[in-house]
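Participant: quick one, structure for this:
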Amino acid sequence: MDLADEQQGDILDDFLFPVTIYAPAPGTKPLSWKEMGQLFHDFNFRVQPVSKQHALALDTSDPYISLAHRLAQCPFIHDNGGVAERAASLGGKSTELVVQTVLVRTVRGACEGRKFQESDLALSGQPNLNPQTFNSLLSSIDEFFSGIAARMGKSRFTDKQDSLHLTAPGWQALGVIHHDIAFKLKLDAVERSKVLDRIAGIDWGRGNPDWQKLAIGHAEIDKKTGLPVKDASGRVRVALTGAGRTTAQKLIDYICDKAGLASRLKAVVHDEAEGA
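Facilitator: As a prediction, the model looks like this:
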């Protein structure tokens, strides 16, 4: 208002103010000052907060959410159930492949690495995702997951009930692996293909005894019989202890080891430390 009084219209033109207008229907009698006061109160104090899932579904400004939206249209997701946009988790009867919150976290890790996957405040310097790199990163992440899906086959890749790669920590771990091979190791197409072969070759089933050795879960117990649940091969299935950062990090380390990336990533870390 001071700028308006000073007739500095050129500066005022740079400002946009969101406005909510209450427009009574034609024929409605004018509101009394008490009714207008109540309306003001309702607008300001009766607002209901939306859930994190709804906020993500409605956000069109965050580039990582935008990238997740585009990734959801890729065949490896779209043709296998799609994304549950406003759900906190997938229920037993869910037909979707992944929930949006998990996919966004996966994209964050795939673009910027583990620290940014965990915290909005962890990104420093120049982000890998920007308007110029948006399409190339979309293509790279799509190629990564599509390559794993093709190598695993539809039945293995989409088995939400048995495969840990479709759990929240599984998605997040794979996102970080993409970041490592694309930005830390900068693998060429031939090397990336070999890595995808090894990742797809991992026994992702809940009966893999390695999961309990990693201490990311415990034996799944049948609620009716009280006995351990076994898979088709007679192996005890694992029930994840949680979907927190520790579980995801253990899966990242496991995938790196199985994919032959562990020693190469250690060398990169060592070189970075020497350079610092």
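Participant: what is the longest helix belonging to the chain packed up against?
Facilitator: Longest helix in the chain by number of residues, with DSSP state H as the criterion: helix 134-152. Applying 3 or more CB pairs under 8 Å, 6 or more residues apart in numbering; DSSP states H and E, we find helix 134-152 packed against helix 63-72, helix 75-78, helix 100-112, helix 168-179, helix 189-200. Glycine gets a C-beta too; all of them are placed from N, C-alpha and C.
Participant: let me see the contact set for the nearest residue to residue 233 once chain neighbours are set aside.
Facilitator: In this structure, residue 233 finds its nearest non-sequential neighbour in residue 207, 6.1 Å apart by CB to CB, 6 or more residues apart in numbering. Residues near residue 207 by CB atoms under 8 Å, 6 or more residues apart in numbering: 162, 230, 231, 233, 235, 236, 237, 238.
Participant: any idea which of the residues you listed is closest to residue 260?
Facilitator: residue 238 (24.2 Å; CB to CB).
Participant: thought that closest one was touching residue 220?
Facilitator: Yes. With contact defined as CB atoms under 8 Å, residue 238 counts as touching residue 220 (6.4 Å).
Participant: looking at the two, which is more packed in?
Facilitator: Neighbour count, other CB atoms under 10 Å: between residue 238 and residue 220, residue 238 has more, with 24 against 17.
Participant: need the pLDDT of that one.
Facilitator: Note on residue 238: pLDDT of 92.
Participant: residue contacts, it?
Facilitator: Listed by CB under 8 Å, 6+ apart, the contact partners of residue 238 are 164, 206, 207, 208, 211, 212, 216, 217, 218, 219, 220.
Participant: list the beta-bridge partners for it.
Facilitator: Note on residue 238: beta-bridge partners by DSSP bridges are residue 219.
Participant: picking up where we left off before, the longest helix of the chain to helix 189-200, inter-axis angle?
Facilitator: 50 degrees (axes from the mean of the first three to the mean of the last three CA atoms, to 10 degrees).
Participant: so how far is helix 134-152 off the chain centroid?
Facilitator: Chain-centre distance of helix 134-152: 15 Å, with CA atoms, centre = their mean, to the nearest Å.
Participant: tell me the buried residues in the next helix or strand after that helix?
Facilitator: Using DSSP states H and E, the next helix or strand after helix 134-152 towards the C-terminus is helix 154-157. Neighbour counts over helix 154-157 (16 or more other CB atoms under 10 Å) mark 156, 157 as buried.
Participant: helix 154-157 packs against which elements?
Facilitator: Under the contact rule (3+ CB pairs under 8 Å, 6+ apart), helix 154-157 is not packed against any helix or strand.
Participant: and the contacts of that helix?
Facilitator: 76, 80, 148, 149, 163, 165, 204.
Participant: closest to residue 41 among the residues you listed?
Facilitator: Lowest distance from residue 41 to these (CB to CB) belongs to residue 80, with 48.0 Å.
Participant: my read: the closest one touches residue 97, true?
Facilitator: Yes. If you go by CB under 8 Å, residue 80 and residue 97 touch, sitting 4.9 Å apart.
Participant: I'm done for today, thanks for sticking with me.
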